[in-house]
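Participant: Provide a 3D model corresponding to the input given below.
(2 chains)
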Amino acid sequence: MSGGNGGCDPWLTVIMVGTNKGLFRFASPDRVHWEALGPVLRGTSVHTTAYHAPTRTVFAGANSVFYGAAVRRSRDGGETWDRGGEGLAYEAGDPERVTAVWSLAVADEHGPGTIYAGVEASGLFRSMDGGDAWAEVAALRRHPTHEVWDAGFGGKCLHTIAVDPHDANSMYIAASTGGIYRSGDRGATWNPVNQGIRAEFMPEGQQYPAAGQCVHKFGLSAARAGRIWLQNHGGVYRSDDAGVHWERISAPLPDDFGFPVVPHPRRAETAFVVPLTSTLERWYPEERMAVHRTDDGGQTWSRLNAGLPDRVYSGVLRDAFRADTQDPLGLYVGTTNGQLFGSADEGASWTPIAERLPRILSVQVVEGDPFS
Amino acid sequence: MITVHLPRDLAAEFSCRDTLAVDGVGDLAELWAALEQRHPGLGRWLREPDGALRQHLSLFVNARRVAWADERIALRAGQEVWILRAVSGG
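Facilitator: Below is the predicted model of the structure:
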């Protein structure tokens, strides 16, 4: 269907749901009533999406098994897409290939039109013209610790990119495996900031290497400078000094495994995770879906499952849990069995937005009307 | 003239016909260049940076499958080139 809302109130919120078989969109004027706008990029694996509000551009990390990886753009809310820009590839002689786009970050603070893309095999690309031309941020893969980066179960992927909201010169990436890295000069140089994060898959005595950790996701606090929340393969961590030191905060949780971590944008002590079993099922402990929230920096966690199903055998992947910016905070979580749930009350209660979708890889919140 | 058959979804992405007539090419390298000139970006969708055909595409020249898309493969007027998607996948 065409976008827009028939002259009624504009869409307040559009959820972009990337699946392994295309992008689905759900729009709401009030975060209560949702309209499905139909799948686009059909058959394409959409690992991640991003939105640039000033130009009303939706970016999609669109990965075709036949035609390769691209950052495709839509300027009509996802109705139509371009074919992506040039340069999102390692050079011909490189031993690695770009096979998928896993993460995107719009970064106008690094110049209007700047956007970063994290790819598989793990590496970072930057466009400074809104996605027409891409070039690798080559210093990252030139770091000596790159040789220890390896493929996790999901692939050798750079899955998280964030520019520090308190210091535009500072940015972070995370790769699995590889760990979390920080640049203090907009990507010119990089250093791992993994000290204190445990790599439990390493032999005893070698479990705290400089790099090589299996970081699943991190989120920077917009409410407190220097604070980072991190979901590791094993353990949730918090740093209050830009990654120099880490505190493990997952002891009260039912399991320390999980993929996403979502910081509250305004409350520095609040963050959300979705614990999964660390055994290979990778579903919710006791088969009961629940989001867990801390309001005290990770000392204690509340189990939030009102409206979420029991006896469910799915999980939540690293890019499939997002918050909006409204008050009270809205949360959106997509599952590996194709369910999308929303909460308009900071996680206290949940309602289904969609069911029976393909495997959900990513969820993105577009605030404002991308169609008008 | 060489006749080139593209996968339909690829032709749709580039807003072109899925059967193209290409003149004046003597080998595969010249065919790739002609396609790229006619439809900028098409080469990136078909091939890796090192020139290899993407893993899940197949190339047939005159009814014979070409396992390695060597750019020196000669083409003659009247031949047909098929680029096909794999049918595997879940």
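Participant: in the sheet, who's paired with residue A:158?
Facilitator: Beta-bridge partners for residue A:158, by DSSP bridges, are residue A:175.
Participant: one more: residue A:180?
Facilitator: In this entry, residue A:180 is beta-bridged to residue A:174, by DSSP bridges.
Participant: from chain B, how far off is it?
Facilitator: Distance of residue A:180 to chain B, given as CB to the nearest CB, to the nearest Å: 29 Å. Just so you know, the C-beta spots here come from the backbone N, C-alpha and C atoms, and that holds for glycine as well.
Participant: regarding chain B, what is its longest helix?
Facilitator: helix B:28-38 (DSSP state H).
Participant: just the mean pLDDT for that one, thanks.
Facilitator: For helix B:28-38, mean pLDDT rounds to 95.
Participant: what sits up against it?
Facilitator: Outside helix B:28-38, the residues that touch it by CB atoms under 8 Å, 6 or more residues apart in numbering or on different chains are B:2, B:4, B:16, B:20, B:22, B:24-25, B:42-43, B:46-47, B:61, B:69-73, B:75, B:81.
Participant: what's the pLDDT at the residue sitting nearest the centre point of chain A?
Facilitator: A centroid search over chain A (CA atoms, centre = their mean) returns residue A:319, at 3.4 Å, as the residue closest to the centre. Listed pLDDT for residue A:319 reads 98.
Participant: in the sheet, who's paired with it?
Facilitator: With DSSP bridges as the rule, residue A:319 is bridged to residue A:362.
Participant: residue A:35 now?
Facilitator: With DSSP bridges as the criterion, residue A:35 is bridged to residue A:27.
Participant: touching, residue A:116 and residue A:105? I think so.
Facilitator: Yes. Using CB atoms under 8 Å, residue A:116 is in contact with residue A:105, at 4.6 Å.
Participant: helices along the chain, start to end?
Facilitator: Let's take chain A. Secondary structure of chain A, counting by DSSP H: helices at A:138-141.
Participant: sorry, I should have been clearer: chain B.
Facilitator: Secondary structure of chain B by DSSP H: the helices cover B:8-13, B:28-38, B:42-46.
Participant: I'd like the ones you listed written out as TSV, with mean neighbour count added.
Facilitator: Below are the helices of chain B laid out as TSV (neighbours: other CB atoms under 10 Å in any protein chain shown):
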stretch	mean neighbour count
helix B:8-13	16
helix B:28-38	16
helix B:42-46	20
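Participant: run a quick neighbour tally on the closest residue to residue A:94 other than its chain neighbours.
Facilitator: Leaving out its chain neighbours, the residue that sits closest to residue A:94 by CB to CB, 6 or more residues apart in numbering or on different chains is residue B:49, at 7.7 Å. Residue B:49 has 14 neighbours, counted by other CB atoms under 10 Å in any protein chain shown.
Participant: then residue B:87?
Facilitator: 7.
Participant: how much space between it and residue A:64?
Facilitator: Distance of residue B:87 to residue A:64, given as CB to CB, to the nearest Å: 15 Å.
Participant: which residues of chain B lie near chain A?
Facilitator: Contact residues, chain B versus chain A (CB under 8 Å from any CB of the partner chain): B:7, B:9-10, B:13-14, B:41, B:44-46, B:48-51, B:54, B:56-57, B:85-86, B:89.
Participant: cutoff 7 Å now
Facilitator: Contacts of chain B with chain A, taken as CB under 7 Å from any CB of the partner chain, map to B:10, B:13, B:41, B:45, B:48-50, B:54, B:56-57, B:85, B:89.
Participant: tabulate those (TSV), appending distance to residue A:355 and pLDDT.
Facilitator: TSV is the format used below for the residues of chain B next to chain A (distance: CB to CB, whole Å; pLDDT from 0 to 100):
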residue	distance to residue A:355	pLDDT
B:10	33	97
B:13	30	96
B:41	37	94
B:45	34	96
B:48	38	91
B:49	41	89
B:50	43	87
B:54	34	93
B:56	31	93
B:57	35	95
B:85	30	94
B:89	24	72
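Participant: and of these, the nearest to residue A:296?
Facilitator: Distance to residue A:296 across the residues of chain B next to chain A (CB to CB) is lowest for residue B:89, with 46.8 Å.
Participant: let me know the pLDDT of the residue nearest to the closest one when sequence neighbours are not counted.
Facilitator: Spatially, and ignoring its direct neighbours in sequence, residue B:89 is nearest to residue A:65 (6.1 Å; CB to CB, 6+ apart). We have a pLDDT of 93 for residue A:65.
Participant: from residue B:30, how far out is the closest residue to residue A:67 other than its chain neighbours?
Facilitator: Excluding the flanking residues, the one nearest residue A:67 by CB to CB, 6+ apart is residue B:45, at 4.2 Å. As judged by CB to CB, residue B:45 and residue B:30 stand 19 Å apart.
Participant: could you give the separation of the longest helix of chain B from the chain centroid?
Facilitator: 9 Å (CA atoms, centre = their mean, to the nearest Å).
Participant: residues near residue B:70, how many?
Facilitator: Neighbour number of residue B:70 under other CB under 10 Å is 11.
Participant: likewise for residue A:129?
Facilitator: Residues within reach of residue A:129, counting by other CB under 10 Å, total 13.
Participant: my read: residue A:229 touches residue A:240, true?
Facilitator: No. Using CB atoms under 7 Å, residue A:229 is not in contact with residue A:240; the gap is 10.6 Å.
Participant: who has more neighbours, the two?
Facilitator: Using other CB under 10 Å as the criterion, residue A:229 and residue A:240 rank with residue A:229 on top: 25 against 17.
Participant: report pLDDT for that one.
Facilitator: pLDDT recorded at residue A:229 is 98.
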